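**Q** Build the 3D model from these lines:
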Amino acid sequence: MLVKVFGAAVHGIDATLITIEVNIRRGIKFMLVGLPDASVKESHERIVSAIEVNGYKFPRQQVVVNMSPADIRKEGSAYDLPLAIGILGASGAIQSTKFNDYLIMGELSLDGTILPIKGALPIAVMAKENGFKGLILPFENAREAAVVDHLEVYGVKNICEVIEFFNDKRKLKSTEVDIYREFMINQSEFEFDFSEVKGQENVKRALEVAAAGGHNILMIGPPGSGKSMMAKRMPSILPPLTIQEALETTKIHSVAGKMSSNASLMSRRPFRSPHHTISDVAMVGGGAFPQPGEISLAHNGVLFLDELPEFNRSVLEVMRQPLEDRAITISRAKFSIEYPAGFMLVAAMNPCPCGYYNHPDKKCVCAPGAVQKYLNKISGPLLDRIDIQIEIVPVPFEKIADKTPSESSTEIRKRVIRARQIQEERFTKTAGVYCNAQMTSQLLHRFVSVDESGRRLLKTAMEKLGLSARAYNRILKVSRTIADLEGSENIKTAHLAEAINYRNLDREMWAQ
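**A** As a prediction, this is how the structure comes out:
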């Protein structure tokens, strides 16, 4: 008897429909075809055990399983459940006409317990697009998949529930999630707040500008000056995620298996802080079984790189192209996958190996030339891609001991949101551009105009600091953001001067 059930294969952050055809005929052999990997082939033993432990019989005949389309590689253990249901349907243990209405995914343990899978959200999106009535998957993944409207999502804990459902002996309860309610409740809940930061007003101002325009920022200063402390508070002043951004971010984390049990839609911007020993593949993604890297997991959020010069040179260099294109393409001999990588880079570093160059109180003990050599670990092209470079000095005792609360993240966030709204209106007719940091050269000429005094200031800065053409464009973008924060339509000389001041770590000037 021939039976068809349906599953899905996840490639990148999207899913592809997989048709599982099961035919049972005379013989004693089990055959699984359709380009399955080793973990899919091993499903035979898990399926046999799960079926027999729960009181059913695995057919003692020839079982032929074809996973179509046959040219797409099937990976992982999530095909256990649809394979088991297909085999039971072909053997007659399940009598059902509902197989065409449901997409099934789940990993089986030996006792029939259904274990969680990766990529539940993109699978649910694909199921809806292909007209399926419902989706059957592990209980732990049900809330994640239920964010897709107009799709019945059934979370199950044991294979018996699925068998009885198709045999009309059990009704499954559909999982429902009020994504808008949960989305709004969690948007303003943050562990850290800028009200806890004493002093450092100039740095907080730079972070506000960075958040308002989506600019990359580098903080450089001695140990204990508050670099990591302020970086961790960046998500609290960024604008709230939109529903579309939340869906896209959740899909990436779902594919990577980073969603917690019973989680639904991500409502806060991600904050990723990889250790400096990370490999380039872990940073950008890839591997034998391609997975999103840290730059994709930080999509629509913040990627914080602490101790920037300590990162391997190759890791930093592979970030150059994603910083410009906001996406990363993983190419292999037989396939190519693209992951989004629209992150905001926040980096921190010491000014020198000992950490006390330019310190107001402590003396730097580094050898001559060590400061420049330390900075040279960060290439010029990467430094050019960092819009804001701000130097931090230690907070004096009077500021630390002051009990007066600093400005809260909520107040800063209000100004950031107003500036972003101005940018959204500006780029309404420009697809793929949502903030000033994403402006192309063409958009710069269109939306950024500088008067004569501003041009003279820019010329002087270019000549004295030895800035590149890319750094020139970065200054214009940052000055546009500063003007937006003030609600100014025109860019003033003061806006340009502040933007130029945020390039104070360029090579011609630093460590002289």
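**Q** partner residues bridging D14?
**A** As for beta bridges, D14 partners with H11 under DSSP bridges.
**Q** Would you confirm that it contacts I123?
**A** No. D14 is beyond contact range of I123, at 9.7 Å (criterion: Cβ atoms under 8 Å). Using the backbone N, CA and C atoms, a C-beta is placed for each residue, glycine as well.
**Q** Looking at those two, which is more packed in?
**A** Legend: neighbour count by other Cβ atoms under 10 Å for D14 and I123, higher for I123 (30 against 18).
**Q** Show the contacting residues for the more buried one.
**A** By Cβ atoms under 8 Å, 6 or more residues apart in numbering, I123 lies in contact with A8, V10, A15, L103, M105, L135, L137, A145.
**Q** so for stretch 165-184, what's the average pLDDT?
**A** For stretch 165-184, mean pLDDT is 87.
**Q** Contacts made by stretch 311-330 with the rest, please.
**A** If you take Cβ under 8 Å, 6+ apart as the criterion, stretch 311-330 is touched by 216, 276, 278-280, 283-286, 290, 293, 295-296, 305, 308, 336-342, 345, 377-379, 381-382, 385, 438.
**Q** Which ones among the contacts of I123 map onto helices?
**A** Judged by DSSP state H, these include A145 as members of helices.
**Q** what's the helix or strand for K399?
**A** helix 397-401 (DSSP states H and E).
**Q** related to what we said a few turns ago, and the furthest pair within the contacts of I123?
**A** Farthest-apart pair in the contacts of I123 is V10 and L135; separation 13.8 Å (Cβ to Cβ).
**Q** Helices along the stretch 401-512 of the chain, start to end?
**A** Secondary structure of the stretch 401-512 of the chain by DSSP state H, counting those that start in this stretch: the helices cover 409-426, 441-447, 452-465, 469-486, 493-501.
**Q** what's the closest of those helices to V64?
**A** helix 409-426 (55.4 Å).
**Q** any idea which residue sits dead centre in the protein?
**A** Centroid-nearest residue in the chain, with Cα atoms, centre = their mean: L297, separated by 2.6 Å.
**Q** residue contacts, the nearest residue to it once chain neighbours are set aside?
**A** Computed as Cβ to Cβ, 6 or more residues apart in numbering, the closest residue to L297 that is not its neighbour in sequence is R272, at 5.3 Å. Contacts here follow Cβ under 8 Å, 6+ apart; on that basis R272 touches E294, L297, A298, G301, V302, L303, F304, F343.
**Q** M105 versus R272, what's the distance?
**A** Distance check for R272 against M105: by Cβ to Cβ, to the nearest Å, it reads 27 Å.
**Q** what does M126 give?
**A** 11 Å.
**Q** neighbour-wise, which of V10 and L135 wins?
**A** L135 (29 against 23).
**Q** Thought H150 was touching that one, still the case?
**A** No. The criterion here is Cβ under 8 Å, and L135 misses it with H150 at 11.6 Å.
**Q** Grab the nearest non-local neighbour of R420.
**A** Leaving aside its sequence neighbours, R420 sits nearest to P239 (Cβ to Cβ, 6+ apart; 4.9 Å).
**Q** circling back: quick one: which of the contacts of I123 is nearest K258?
**A** The closest of the contacts of I123, once distances to K258 are taken by Cβ to Cβ, is V10, at 13.9 Å.
**Q** Quick one, grab the pLDDT at that closest one.
**A** In this model, V10 carries a pLDDT of 92.
**Q** V5 too?
**A** With respect to pLDDT, V5 has a value of 97.
**Q** what kind of secondary structure is it in?
**A** Counting by DSSP: H, G, I helix; E, B strand; the rest coil, the backbone at V5 sits in strand.
**Q** OK, contacts around it?
**A** Shown in contact with V5 (Cβ under 8 Å, 6+ apart): I20, V22, P82, I85, G86, G89, F99, I104.
**Q** Now, those that are in strands?
**A** The strands, defined by DSSP state E, take in I20, V22, I104 from those.
**Q** quick one: which of those residues has the most company?
**A** I104 (28 neighbours).
**Q** I24 against P59, yeah?
**A** Yes. I24 is in contact with P59 according to Cβ under 8 Å; the separation is 5.4 Å.
**Q** Same drill for these two, tell me which one is more crowded.
**A** I24 (21 against 18).
**Q** Now that one: closest residue in space, sequence neighbours ignored.
**A** Among residues not flanking I24 along the chain, A90 sits closest, at 4.5 Å (Cβ to Cβ, 6+ apart).
**Q** Low-confidence ranges, the stretch 301-450 of the chain, go.
**A** Flagging of the stretch 301-450 of the chain using pLDDT under 70 yields the residue ranges 397, 401.
**Q** which residues in the stretch 201-350 of the chain form helices?
**A** Taking DSSP H, counting those that start in this stretch as the test, the helices found in the stretch 201-350 of the chain are 201-213, 227-231, 243-255, 280-284, 294-297, 313-317, 320-325.
**Q** which one of the ones you listed is the most hemmed in?
**A** For those, the largest average neighbour count (mean count of other Cβ atoms under 10 Å) is found in helix 294-297, namely a mean of 26.
**Q** then it to CSV, C-alphas only?
**A** Provided in CSV are the C-alpha atoms of helix 294-297 (Å, rounded to 0.1, in the frame of the first residue of the first chain):
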residue,chain,number,x,y,z
GLU,A,294,27.0,35.2,15.3
ILE,A,295,26.5,38.0,12.8
SER,A,296,23.2,36.5,11.7
LEU,A,297,22.1,35.7,15.2
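**Q** residue contacts, K477?
**A** Per Cβ under 8 Å, 6+ apart, neighbours of K477: G213, H215, D387, N436, A437, M439, L444, V448.
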